[in-house]
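Participant: no sequence for this one, just the structure:
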Ligand code: DX5
Ligand code: ZN
């Protein structure tokens, strides 16, 4: 089953709750929440109080993407604030295994992400412990960028690695997805697709339904 994860980074924050509810009603099963610290990535987005506040906006799976240095420092607080899946960057953690174990000890699903220039083999030592991997298809930091075509082969390689290891790990991709290219990562083996601007620019209900239609 393929899942759409709207990223609220591109939402209208004056009516955020309504917009989240629309994505849920239209069939998006996850809600993607991008946390940026201004150090791991150049930008700063939002954090714990916002997550806590919007938790009641829907019954979706809250998919928290931490773009922060040493994520171990904040796992417990994101878990308590309403995250269902917590994904961190392998490049940002001095002990990735410790972070995975921490997420699991909080009763949440653990995801690990790689930036476009990071090899998929950086994931391999951790794969058997992960619920999800997140392959970035743009440089993390901003919404509205163009999908990096070279990342498609990383999705294929990761799916191959997961299958060869006899695992069933979810593969999420994030960045530059549009109605015209969403089939590309899906055909390459991704099953959770993040979309920010393609969901929130224009009619949210129509966008979500159209994107889900193209994923099948
Ligand atoms: C980028 C974020 C993405 C972003 C995607 O650092 O991780 O989740 O919101 O935005 P679009 O879909 O507009 O590329
Ligand atoms: Zn993201």
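Facilitator: Cool, the structure landed. These numbers were taken from a predicted model, which means no experiment stands behind them. Ligands and ions are numbered 1, 2, ... in the order given.
Participant: any idea how far residue 58 is from residue 18?
Facilitator: 11 Å (CB to CB, to the nearest Å). C-beta here means a position set from N, CA and C on the backbone, and glycine is covered the same way.
Participant: Can you pick out the residue with more neighbours from the two?
Facilitator: Under the criterion of other CB atoms under 10 Å, the comparison of residue 58 against residue 18 puts residue 58 first, with 17 against 12.
Participant: OK, contacts around the nearest residue to the more buried one once chain neighbours are set aside?
Facilitator: Nearest non-adjacent residue to residue 58, counting by CB to CB, 6 or more residues apart in numbering: residue 24, 4.2 Å away. Applying CB atoms under 8 Å, 6 or more residues apart in numbering to residue 24 gives the contacts 31, 58, 59, 60.
Participant: Out of those, give me the one that has the most neighbours.
Facilitator: In the contacts of residue 24, the most neighbours by other CB under 10 Å go to residue 31, 25 neighbours.
Participant: Residue 215 and residue 186 touch, don't they?
Facilitator: Yes. Here residue 215 reaches residue 186: they are 5.3 Å apart, a contact under CB atoms under 8 Å.
Participant: Next, show the common contact partners of these two.
Facilitator: 2, 193.
Participant: Would you state the helices of this protein in chain order?
Facilitator: With DSSP state H as the criterion, the chain has helices at 16-25, 48-54, 75-80, 96-105, 152-164, 183-188, 197-200, 204-215.
Participant: Could I get the ones you listed in JSON lines, plus columns for mean pLDDT and distance to residue 4?
Facilitator: Shown next, in JSON lines, are the helices of the chain (pLDDT from 0 to 100; distance: least, CB to CB, whole Å):
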{"stretch": "helix 16-25", "mean pLDDT": "98", "distance to residue 4": "8"}
{"stretch": "helix 48-54", "mean pLDDT": "98", "distance to residue 4": "18"}
{"stretch": "helix 75-80", "mean pLDDT": "98", "distance to residue 4": "22"}
{"stretch": "helix 96-105", "mean pLDDT": "99", "distance to residue 4": "23"}
{"stretch": "helix 152-164", "mean pLDDT": "98", "distance to residue 4": "16"}
{"stretch": "helix 183-188", "mean pLDDT": "98", "distance to residue 4": "10"}
{"stretch": "helix 197-200", "mean pLDDT": "98", "distance to residue 4": "8"}
{"stretch": "helix 204-215", "mean pLDDT": "98", "distance to residue 4": "5"}
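Participant: Quick one: closest of these to ligand 1.
Facilitator: Closest approach to ligand 1 among the helices of the chain (CB to the nearest ligand atom): helix 197-200, 3.4 Å.
Participant: for that closest one, packing partners?
Facilitator: strand 3-6, helix 204-215 (3 or more CB pairs under 8 Å, 6 or more residues apart in numbering; DSSP states H and E).
Participant: Out of the ones you listed, which is closest to residue 123?
Facilitator: Of all these, it is strand 3-6 that lies closest to residue 123, at 18.9 Å by CB to CB.
Participant: Give me the sheet partners of that closest one and which way each runs.
Facilitator: strand 192-195 (parallel) (DSSP bridges).
Participant: can you list contacts of the partner strand?
Facilitator: Here strand 192-195 makes contact (CB under 8 Å, 6+ apart) with 2-7, 30, 32, 63, 65, 132, 170-175, 177-178, 182, 185-186, 211, 215.
Participant: Any quick ChimeraX command for the buried ones out of those?
Facilitator: Only the buried entries of the contacts of strand 192-195 go into this ChimeraX selection, using 16 or more other CB atoms under 10 Å:
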select :3,4,5,6,7,30,32,63,65,132,170,171,172,173,174,175,177,182,185,186,211,215
